[in-house]
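**Q** please work out how this folds:
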Amino acid sequence: MKIYTDGGARGNPGPAAIAVLIFDSEDKLLARQSEFIGTATNNVAEYRAVLKALKMAGKYGRGSVLCILDSQLVASQLSGSFKVKKRHLLELFRQVKDLERDFEKVEYRHVRREDRIIKLADGMLNEMLDKVGRR
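**A** Residues are numbered from 1 along each chain as shown. The predicted model follows:
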């Protein structure tokens, strides 16, 4: 399975949203979702997107999962190449690690914002923030 996630905030912290796209091994779209998460920082939103994605992915299988995100910090922390220094991120990190146990294997890959699917996820979360901002 391939999971693309994005999280972002307008202001840091500010109104924040997440987006998740889940594909099977043959690149067929299984699920897509975006949601408003309240006030958060960009890094918290990125972690919350990964958490949501792993919870959703469990419905589609328990095999190998590749999580693709545009946050180099979060991808590196979850891969183990960067340490988590901020206490508020450490709790989210632990929650992700707990969810990883539900799968055979979980890998994280950082991609640039120009990635076609990441752009789609970014558009989804910005659409959600636009919608919330109009209330």
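
**Q** can we go C-alpha only for contacts and neighbour counts from here?
**A** Noted.

**Q** now do the helices in this protein.
**A** For the chain, applying DSSP state H gives helices covering 42-57, 72-79, 87-100, 116-133.

**Q** out of these, flag the one nearest residue 109.
**A** When the helices of the chain are compared by CA to CA, helix 72-79 sits nearest residue 109, at 6.1 Å.

**Q** coming back round to it: take the helices of the chain and lay them out in JSON lines including distance to residue 19.
**A** Below are the helices of the chain laid out as JSON lines (distance: least, CA to CA, whole Å):
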{"stretch": "helix 42-57", "distance to residue 19": "6"}
{"stretch": "helix 72-79", "distance to residue 19": "15"}
{"stretch": "helix 87-100", "distance to residue 19": "16"}
{"stretch": "helix 116-133", "distance to residue 19": "5"}
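
**Q** would you mind finding the most buried of these?
**A** The highest mean neighbour count among those, using mean count of other CA atoms under 10 Å, belongs to helix 42-57: a mean of 23.

**Q** the strand of greatest length in the chain: which residues count as buried?
**A** Longest among the strand segments of the chain by residue count, using DSSP state E, is strand 29-40. The neighbour-count check on strand 29-40 (16 or more other CA atoms under 10 Å) flags 32-37, 39-40 as buried.
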